[in-house]
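S.K.: Sequence and predicted structure below; questions after.
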Amino acid sequence: QLQLVESGGGLVQAGGSLRLSCAASGRTFSSYVMGWFRQAPGKEREFVAEVLRNGGITYLADSVKGRFTISRDNVKNTVYLLMNSLKPEDTAVYYCAAKVVAVVVGSAYDYWGQGTQVTVSS
C-alpha cells in the first residue's frame, strides 16, 4: 500500500508560479511511475504530467507544455510539479497518483492522494 500526501497549493495571480509536492510513504517509491492530474469544477479529471521511475523520462499534457515541469526525488520519496506562467484556467484541485505498471501514459493509476487546491486569479 502506498500513501500519497500533496502540499503546496494556494492562491496565486496569473503569471505566477507554484511548486506542488507529493510525499509518498513506503520504501519502494522508486518502483512506481508517478503522475499529476487535476480536476476543475464541473469538469472531468484530466492528466497533467507523468514521470517514469528513474525520473529521466517525463510526459506533459499539451495544455501545460512549456509551463509545467514534473520531477522526482527517489531519496526523499517525493514527486514535484513546478508550475510557471499560471493561467486562470489552471485553477483546479491537483492530485498526485502512482502506478506500478507503465502502460499507457496518463492511465491505469493505482494510488491517489487527497488533492491540493490551486487557484489562479486574473
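M.R.: Structure's in. What do you need?
S.K.: Identify the residue spatially nearest to the residue lying farthest from the centre of the chain, adjacent ones excluded.
M.R.: The C-alpha centroid of the chain is most remote from Ser122, which lies 22.6 Å away (C-alpha atoms, centre = their mean). Leaving aside its sequence neighbours, Ser122 sits nearest to Pro88 (C-beta to C-beta, 6 or more residues apart in numbering; 4.7 Å). Bear in mind the C-beta positions are built from the backbone N, C-alpha and C, glycine included.
S.K.: I'd guessed the one you found sits against Ala14; true?
M.R.: Yes. Pro88 is in contact with Ala14 according to C-beta atoms under 8 Å; the separation is 5.9 Å.
S.K.: what do these two both touch?
M.R.: Counting by C-beta atoms under 8 Å, 6 or more residues apart in numbering, the shared contacts of Pro88 and Ala14 are Val120, Ser121, Ser122.
S.K.: Out of the residues you listed, flag the one nearest to Ser31.
M.R.: Among the shared contacts of Pro88 and Ala14, Val120 lies closest to Ser31 (C-beta to C-beta), at 33.9 Å.
S.K.: Paired strands for the host helix or strand of the closest one, with orientation please.
M.R.: Take DSSP states H and E as the rule and Val120 turns out to sit in strand 116-121. Using DSSP bridges, the strands paired with strand 116-121 in its sheet are strand 10-13 (parallel), strand 92-99 (antiparallel).
S.K.: buried sites along the shortest one?
M.R.: Neighbour-count burial for strand 10-13, with 16 or more other C-beta atoms under 10 Å as criterion, is recorded at Val12.
S.K.: For that strand, give me every contacting residue.
M.R.: With C-beta under 8 Å, 6+ apart, strand 10-13 has contacts from Leu18, Leu86, Gln117, Val118, Thr119, Val120, Ser121.
S.K.: likewise stretch 94-102?
M.R.: Outside stretch 94-102, the residues that reach it (C-beta under 8 Å, 6+ apart) are 2, 4, 6, 9, 20, 22, 24, 31-39, 45, 48, 52-53, 79, 81, 108-118.
S.K.: let's see 7 Å
M.R.: With C-beta atoms under 7 Å, 6 or more residues apart in numbering as the test, stretch 94-102 has contacts from 2, 4, 6, 9, 20, 22, 24, 31-38, 52, 79, 81, 108-113, 115-116, 118.
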